[in-house]
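Enquirer: I'd like to go over a predicted model; first the sequence, then the structure.
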Protein chains: 2
Amino acid sequence: MPRVIRVGGAQMGPLQKSDSRKVAVDRMIGLLDQARARGCRLVVFPELALTTFFPRWNMDDKREVDGCFETQMPNAATKPLFDRAKEYGIAFAFGYAEIAEENGERHHYNASILVDEAGNIIGKYRKTHLPGHSEFDPGRSFQHLEKKYFEVGNTGFRVWRFMDGIFGMCICNDRRWPETYRVMGLQGVEMVLLGFNTPSANSQRADEPRELRDFHNDLCVQAGAYQNGTWVVAIAKAGVEDGHELLGGSAIVHPSGQIIARTQTSGDELIVADCDLDDCNFYKETIFDFARHRRPEHYGLITGQTGVVRPD
Amino acid sequence: MPRVIRVGGAQMGPLQKSDSRKVAVDRMIGLLDQARARGCRLVVFPELALTTFFPRWNMDDKREVDGCFETQMPNAATKPLFDRAKEYGIAFAFGYAEIAEENGERHHYNASILVDEAGNIIGKYRKTHLPGHSEFDPGRSFQHLEKKYFEVGNTGFRVWRFMDGIFGMCICNDRRWPETYRVMGLQGVEMVLLGFNTPSANSQRADEPRELRDFHNDLCVQAGAYQNGTWVVAIAKAGVEDGHELLGGSAIVHPSGQIIARTQTSGDELIVADCDLDDCNFYKETIFDFARHRRPEHYGLITGQTGVVRPD
């Protein structure tokens, strides 16, 4: 039986700091309506889909910070999205800032969830590779305070069986790290659902061309797809948020590493592709047949140390 | 003090099965002469630079097989290359099939060596990721018997301090595996010297376009460079060997992942680039500052298992 899933990549245009959750959710529902009209069974939204990319702001007021987070999911603001998707029988994934109660303590994560066709949350991922910095940095042209607002995720890179396939999630900067895809690849992942918010300028290198940043974005997701024989659905928030432009460039990437669908705008835009999960098989069974070709006895440093240790 | 090294990438055209070592070495010396005229301090030659890519042949005669290997290095055939390079004060790297005596046993490896400006062999690497298969496969349009003729290398991915920088080596199929670059990246590698011989057709998928194979080659070396902030000098054997076309497409890749020099032919051809090792620093100190951003506690599967284990 063919395992073709029509996937919608729901890029979102900018959200301003002043925008309410309702503004975001209404737009997500608008994209969901388009996805239904085009026959999608699974829709992927960006990282931090419910708010502006707030780590660009240096906030010290705890209430202001926590106002960017969700304490439950679904909640009053997002329930209309869950209801609409359930009505349509469409599965979806999106990212948001999560406050979780764990062992009686409050934790802050950059999270994403996977919701099945019946409206059940079947998967949660918390971002592992937090980029940026933890304190205000006057040397940057703008801030990237993910290490201030979020803790490193404690979920690791799990996968979920779902819709007759194996799905994983990661978030934004995770996509630049080959370890992300490989850990999921070793669990047989067939489609990685990935949301991102990436500035179109480098806050530490003003002369870095935007074209180079687009190239880096594509390079990482394409390599991750090919080297693990998996689909990658990489969906951005785009446009100018609070004066800061985001990269956009959402894409659906085939297990060959080729981009088969790409947004053309920096606004709300749905891209659609029929993704045959069996297209993963050739790569997984030949050049990337891990069981035959990998040599973990020579990979020890990857898990044995965190940073660089140069030879004497 | 700037750490700019003028590097020559010495792509080689085809070698036929009937070609002697002298044919190969004379051509390597010709490329070395060009490199000297253009001011290179380091020259990189392909994998199996002294012979045709013999794993495409199914050979059972032990003497015929061993005739493709070298039992010492340098030897009578390669000494003129070593002598000329020493005269010029040029460092170099090349690949060859090696028979090594270890603990009283003969071992067969797909190896490469790094030779300093004074003619001393300062580094040896033995290929880790052997592609292909170990027995004649009638289902393939041509054979790729690396697993028959070679043992998995026992060196791992070391790096060497040399010419005021940190250098590593890998061979051909190693370049498709992100673990290769990462293990060297964790040792601070600044330039990876990589030789390859890659068929321009997929022996298991006749309809795979050549353009896709070129793309995969570039994708892997570019991602490996960017994700570790290192130069990669990826040098092919090219052209038609014994009726089988090789991919070619040798390139010198900047730590940004961008290709800054590329061969234009499928013959002997030298490409040259001034490689500033300090161009690695920005990547290693910001987005790929491993000590700040990596999370080995979530990478356990990478060293904990070889093949895929799917969830229940």
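Expert: Structure received.

Enquirer: return the distance of residue A:49 relative to chain B.
Expert: 23 Å (Cβ to the nearest Cβ, to the nearest Å). The way it works is simple: take the backbone N, C-alpha and C, and place the C-beta from them, glycine included.

Enquirer: try residue A:219
Expert: Going from residue A:219 to chain B by Cβ to the nearest Cβ gives 5 Å.

Enquirer: residues contacting that residue?
Expert: By Cβ atoms under 8 Å, 6 or more residues apart in numbering or on different chains, the residues touching residue A:219 are B:219, B:222-223, B:226, B:257.

Enquirer: residues near the residue of the stretch 151-300 of chain A found nearest chain B, how many?
Expert: Of all residues in the stretch 151-300 of chain A, residue A:291 sits closest to chain B, at 2.8 Å by Cβ to the nearest Cβ. Counted by other Cβ atoms under 10 Å in any protein chain shown, the residues lying close to residue A:291 total 10.

Enquirer: my guess is it contacts residue B:308. True?
Expert: Yes. Judged on Cβ atoms under 8 Å, residue A:291 makes contact with residue B:308 at a distance of 7.0 Å.

Enquirer: show me what counts as buried in whichever strand or helix holds residue A:216.
Expert: For residue A:216, the host element (DSSP states H and E) is helix A:210-228. Of the residues in helix A:210-228, A:212-213, A:215-228 count as buried by neighbour count, 16 or more other Cβ atoms under 10 Å in any protein chain shown.

Enquirer: stretch A:79-97 now?
Expert: Quick answer for stretch A:79-97 (16+ other Cβ under 10 Å): A:81-82, A:84-86, A:88, A:90-97.

Enquirer: what about the strands in chain A?
Expert: A:4-11, A:42-44, A:91-102, A:105-115, A:121-126, A:159-162, A:165-171, A:191-196, A:231-236, A:238-241, A:244-247, A:251-253, A:259-262, A:269-276 (DSSP state E).

Enquirer: hmm, back to that, now do the residue of the stretch 151-300 of chain A closest to chain B against residue A:188, distance only.
Expert: Distance, residue A:291 to residue A:188, by Cβ to Cβ, to the nearest Å: 11 Å.

Enquirer: try residue A:63
Expert: Distance from residue A:63 to residue A:188, by Cβ to Cβ: 44 Å.

Enquirer: these two: who's more crowded?
Expert: The neighbour comparison of residue A:63 against residue A:188 (other Cβ under 10 Å) goes to residue A:188, with 22 against 7.

Enquirer: so what's the more buried one closest to, chain neighbours aside?
Expert: Excluding its sequence neighbours, the residue lying closest to residue A:188 (Cβ to Cβ, 6 or more residues apart in numbering or on different chains) is residue B:310, at 4.0 Å.

Enquirer: from memory the one you found sits against residue A:168, does it?
Expert: No. Using Cβ under 8 Å, residue B:310 makes no contact with residue A:168, being 11.9 Å away.

Enquirer: which residues are in contact with each of those two?
Expert: Common contacts of residue B:310 and residue A:168 (Cβ under 8 Å, 6+ apart): residue A:187.

Enquirer: which of those two has more neighbours?
Expert: Applying other Cβ under 10 Å to residue B:310 and residue A:168 shows that residue A:168 carries more neighbours, namely 27 against 12.

Enquirer: give me the pLDDT value at that one.
Expert: On pLDDT, residue A:168 comes in at 98.

Enquirer: residues in a beta bridge with it, which ones?
Expert: Residue A:168 has these beta-bridge partners by DSSP bridges: residue A:159, residue A:192.

Enquirer: so which bits of the stretch 101-250 of chain A are right by chain B?
Expert: Within the stretch 101-250 of chain A, the positions adjacent to chain B are A:128-131, A:152-153, A:156-157, A:159-161, A:166, A:173, A:176-179, A:182-183, A:185-188, A:204-205, A:212, A:215-216, A:219-220, A:222-223, A:226-227 by Cβ under 8 Å from any Cβ of the partner chain.

Enquirer: kindly recompute the last result at 6 Å.
Expert: Contact residues, the stretch 101-250 of chain A versus chain B (Cβ under 6 Å from any Cβ of the partner chain): A:128-129, A:156, A:159, A:161, A:178-179, A:182-183, A:186, A:188, A:204, A:219, A:222-223, A:227.

Enquirer: closest one of the residues you listed to residue A:251?
Expert: Within these, distances to residue A:251 taken as Cβ to Cβ reach their minimum at residue A:222, with 8.5 Å.

Enquirer: for that closest one, what are its contacts?
Expert: Residues near residue A:222 by Cβ atoms under 6 Å, 6 or more residues apart in numbering or on different chains: A:253, A:257, B:219.

Enquirer: kindly reformat the residues you listed as CSV containing pLDDT and distance to residue B:35.
Expert: Listed next are the contacts of residue A:222 as CSV, based on pLDDT from 0 to 100; distance: Cβ to Cβ, whole Å:
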residue, pLDDT, distance to residue B:35
A:253, 98, 39
A:257, 98, 33
B:219, 98, 28
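
Enquirer: looking at it, residue A:298 is touching residue B:156, isn't it?
Expert: Yes. Using Cβ atoms under 6 Å, residue A:298 is in contact with residue B:156, at 4.4 Å.

Enquirer: these two - which one has more neighbours?
Expert: Shown here are residue A:298 and residue B:156; by other Cβ under 10 Å, residue A:298 has more neighbours (21 against 16).

Enquirer: would you mind measuring from whichever residue of the stretch 1-150 of chain A sits closest to chain B to residue A:112?
Expert: Closest contact between the stretch 1-150 of chain A and chain B, by Cβ to the nearest Cβ, is at residue A:128 (5.1 Å). Taking Cβ to Cβ as the measure, residue A:128 falls 12 Å from residue A:112.

Enquirer: okay, these two: which has more neighbours?
Expert: Counted by other Cβ under 10 Å, residue A:128 and residue A:112 do not tie: residue A:112 has more neighbours, with 30 against 26.

Enquirer: residues contacting the more buried one?
Expert: Counting by Cβ under 6 Å, 6+ apart, residue A:112 makes contact with A:93, A:95, A:125, A:169, A:171.

Enquirer: kindly recompute the last result at 7 Å.
Expert: By Cβ atoms under 7 Å, 6 or more residues apart in numbering or on different chains, the contact list for residue A:112 reads A:93-95, A:125, A:169, A:171, A:195.
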